[in-house]
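Visitor: Model the structure of this input:
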Amino acid sequence: MKRTLGQIAEMIGVELPNQAFRDVIVEGASINTRTLKENNLFIPFKGEKVDGHTFVKQAFEQGAAATLWQEGVENPPLDVPLLLVKDPELALQEMARVYRSQSSFKVVAITGSNGKTTTKDMVAGVLSTQFLVQKTEGNFNNELGLPLTLINVEEETEVAVLEMGMSGFREIAFLTELASPDIAVITNIGESHMQYLGSREGIARAKFEITEGLSEHGILFYYGDEPLLKELVEKSTGFCSASYGYEQTNGLFPKEVEVTENGSKVLLTADRDQFIEVPVLGRHNVLNALAAVRVGLHLGMTLSGIAQGFRSMKLTSMRMERVNGAKGEIIINDAYNASPTSMKAVIKFAEDMPVEGRKILLLGDILELGPNEEAFHREIGKEIHPTKIDYVLTFGERAHLIAEEASEHFPKGRVQSFGLEKAELINMLKGLTTANDLIVVKGSRGMKLEEVVEALQINV
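Guide: Residues are numbered from 1 along each chain as shown. Predicted coordinates for the structure are as follows:
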C-alpha cells in the first residue's frame with residue numbers, strides 16, 4: 001500500500017493533527033521495529049507487558065514515515081507525521097479493508113484444519129510462474145496478521161495468497177469480509193480447536209464461514225471426500241464451488257499417485273494428461289497439491305505451467321522438512337503443529353517410507369482437543385504398527401497416552417515416554433540413533449519439538 005498520510009487519514013476516518021504532514025508518503029506498515037522497513041507506517045499497540053508507543057522514536061530513527069498513536073496515551077509527538085486513533089488494531093483493520101476495496105489484485109484465501117500453510121506455499125509457488133504473487137508470511141493469519149499482510153501487498157501484485165486461521169466461530173467470517181477473496185479454499189476438516197468448537201460439525205461450519213466474504217464472482221474449492229463439506233456446499237447458494245480429492249466423484253482427482261523418496265508423482269487430466277511432481281513428502285500432501293492445481297487451472301494456467309511451478313516452490317519451515325542429523329540420520333521435521341488427523345498422516349508416511357536404518361517416531365502433545373483429548377491420543381497409540389516402526393518416543397503429558405497404548409502391542413523397551421524436560425529426551429535420542437535412521441518429529445506448536453531437531457543436528 002502506497003498512500004499519503006492524508007489519504008490514510010481519510011481511509012480510517014480521522015483528522016490529521018498537523019496538516020504539514022499531509023503529503024508524507026507511506027509504504028506498507030509494521031507493528032515491530034525489528035521488522036520495520038523504510039517508509040513504513042508504524043502501528044504501536046499498548047499491551048499488558050509492552051507498550052509499543054515507547055518504540056515510536058526508534059521507529060522513526062529506523063526510517064518509519066509516520067506512526068499511529070492511541071488516544072489517551074500521554075505525550076503524543078505532534079512534531080512528527082502522526083495520526084491519533086481510538087484503537088490501533090481497529091484502524092489497521094479498516095485501513096486493510098479499504099485498501100483491498102481500492103485494489104485490483106486477486107485474493108486467494110485458504111483455511112482448513114490441516115495443510116493451510118503448505119497449501120498456501122504450493123498455491124503461491126504454482127502461480128508465481130505466471131503472476132506477480134505475494135503470500136502470508138509465517139503465521140500472520142489472524143485478525144492482526146491478515147490485515148497487516150494485506151497492507152503490505154505491493155501495488156503491482158496480481159495475486160495475494162492469504163492464509164486464514166481461527167480458534168472460534170465468526171473469526172474466519174471477519175477475516176474473509178476483510179479480504180473479499182476471489183477464490184476460497186478449504187483444505188479439510190480435522191479436530192483442531194475441538195475445545196472451542198465442540199465437534200467436527202462445528203469445525204466445518206466455522207471453516208465454511210470463508211464463503212461469506214467471497215467476491216461477486218468468487219469460487220470455493222473444497223476437499224470433496226469430506227462429507228461435512230459436501231453437505232454444507234449442497235445447502236448453500238450464491239457462489240460457485242468445485243471439489244478435489246481422491247474419489248472420482250470430484251471435479252479434480254488423481255488418476256495415479258506414485259510415492260517417491262522426494263515426494264509424489266501425480267497423474268492428472270485437464271488440458272491433457274500430465275504428471276505433476278509434488279516435491280513434498282507424504283501422501284497427504286497430494287491433496288494440498290490438488291488444491292493448488294485447482295487454483296492454477298481456474299486462473300488460466302496449463303498443467304505444464306503448474307508442473308513448472310511445483311518444481312520451483314518453497315515451503316515454510318517445519319512442514320515435512322527433511323534435514324540431516326549429525327550422525328547422518330534422516331530427520332523429518334513436521335513440528336510446526338499437530339492434530340489427530342495430521343499426526344496419523346505423518347505416522348502412515350513413516351511406516352511406508354523405505355529407509356536403510358530404523359524408524360523412530362517422536363510425537364508430542366496435541367493441544368486444544370477439548371474433553372475428548374484422551375481418546376484422540378490413545379487412538380493414535382493403538383494405530384502404530386510395531387512391524388513398521390522400531391521405536392515410539394513421546395513428549396508431554398498428553399502424548400504419554402500414545403505411549404501407553406503403543407506399549408500394549410510393542411516389544412518391551414521400544415516405547416518410551418518423556419515429561420516436559422527435553423534434555424533427557426535429547427540425550428536418549430543421541431545415544432539411540434545411528435546413520436540412516438529415520439526420525440519423524442510431530443507435535444503441537446506449544447511443544448517446540450524443533451528444539452530436539454536442532455539438537456540432533458549438532459555434533460558433540
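Visitor: so what's residue 444 closest to, chain neighbours aside?
Guide: In space, and not counting its chain neighbours, residue 444 is closest to residue 367: 4.2 Å by Cβ to Cβ, 6 or more residues apart in numbering. The C-beta positions use only the backbone N, C-alpha and C, and glycine is treated the same way.
Visitor: Next up, identify which helix or strand the one you found is on.
Guide: According to DSSP states H and E, residue 367 maps onto no helix or strand at all.
Visitor: right, and it touches residue 446 too?
Guide: Yes. Contact criterion Cβ atoms under 8 Å: residue 367 and residue 446 qualify, at 5.5 Å.
Visitor: Compare neighbour counts for those two and give me the winner.
Guide: Between residue 367 and residue 446, residue 367 has the larger neighbour count (other Cβ atoms under 10 Å), namely 19 against 14.
Visitor: and this structure, what are its domains?
Guide: What automatic domain parsing lists as the domains of the chain is 2-88, 103-312, 321-456.
Visitor: how about a markdown table for those domains, with distance to residue 95 and mean pLDDT added?
Guide: Output for the domains of the chain, formatted as a markdown table (distance: least, Cβ to Cβ, whole Å; pLDDT from 0 to 100):
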| stretch | distance to residue 95 | mean pLDDT |
| --- | --- | --- |
| domain 2-88 | 5 | 95 |
| domain 103-312 | 6 | 94 |
| domain 321-456 | 29 | 95 |
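Visitor: Any idea which of the ones you listed gets closest to residue 96?
Guide: domain 103-312 (3.4 Å; Cβ to Cβ).
Visitor: can you pull the contacts of the spatially most central residue of the chain?
Guide: For the chain, the residue nearest the mean C-alpha position is residue 117 (2.8 Å; Cα atoms, centre = their mean). By Cβ atoms under 8 Å, 6 or more residues apart in numbering, the contact set of residue 117 is 139, 163, 316, 319, 336.
Visitor: Derive a ChimeraX selection command for the buried subset of these.
Guide: To isolate the buried ones among the contacts of residue 117 in ChimeraX, judged by 16 or more other Cβ atoms under 10 Å, type:
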select :163,316,319,336
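Visitor: from the contacts of residue 117, which is closest to residue 13?
Guide: Using Cβ to Cβ, those come closest to residue 13 at residue 163, 28.6 Å.
Visitor: Return the backbone torsion pair for the closest one.
Guide: The phi/psi pair for residue 163 (degrees, to the nearest 10) reads phi -90, psi 140.
Visitor: contacting residues for it?
Guide: 109, 110, 111, 116, 117, 120, 135, 136, 139, 140, 141.
Visitor: what do you get for residue 456?
Guide: The contact partners of residue 456, by Cβ under 8 Å, 6+ apart, come to 325, 326, 329, 331, 426, 429, 430, 433, 439.
Visitor: With residue 319 instead?
Guide: The neighbours of residue 319, taking Cβ under 8 Å, 6+ apart as the test, are 117, 118, 121, 280, 334, 336.
Visitor: swap the cut-off to 10 Å and go again
Guide: 115, 117-118, 121, 280-282, 285, 288, 333-337 (Cβ atoms under 10 Å, 6 or more residues apart in numbering).
Visitor: which of those lies closest to residue 219?
Guide: Checking these against residue 219 by Cβ to Cβ gives residue 288 as the nearest, at 18.1 Å.
Visitor: And that closest one, how far from residue 278?
Guide: 8 Å (Cβ to Cβ, to the nearest Å).
Visitor: Give me the phi and psi angles of the residue nearest to the centre of the chain.
Guide: phi -70, psi -40.
Visitor: For it, give its distance to residue 250.
Guide: 23 Å.
Visitor: pretty sure residue 184 is in a helix, no?
Guide: No. Applying DSSP: H, G, I helix; E, B strand; the rest coil, one finds residue 184 to be strand, outside a helix.
Visitor: neighbours around it, how many?
Guide: Count around residue 184 with other Cβ under 10 Å applied: 30.
Visitor: Pairing-wise in the sheet, spell out the partners of it.
Guide: Beta-bridge pairing for residue 184 (DSSP bridges): residue 109, residue 220.
Visitor: list the contacts for it?
Guide: Going by Cβ under 10 Å, 6+ apart, residue 184 touches 107-111, 164, 172, 176, 207-215, 218-222, 239, 241.
Visitor: run the last query once more with 8 Å
Guide: Residue 184 touches 108, 109, 110, 111, 176, 210, 211, 214, 218, 219, 220, 221, counting by Cβ under 8 Å, 6+ apart.
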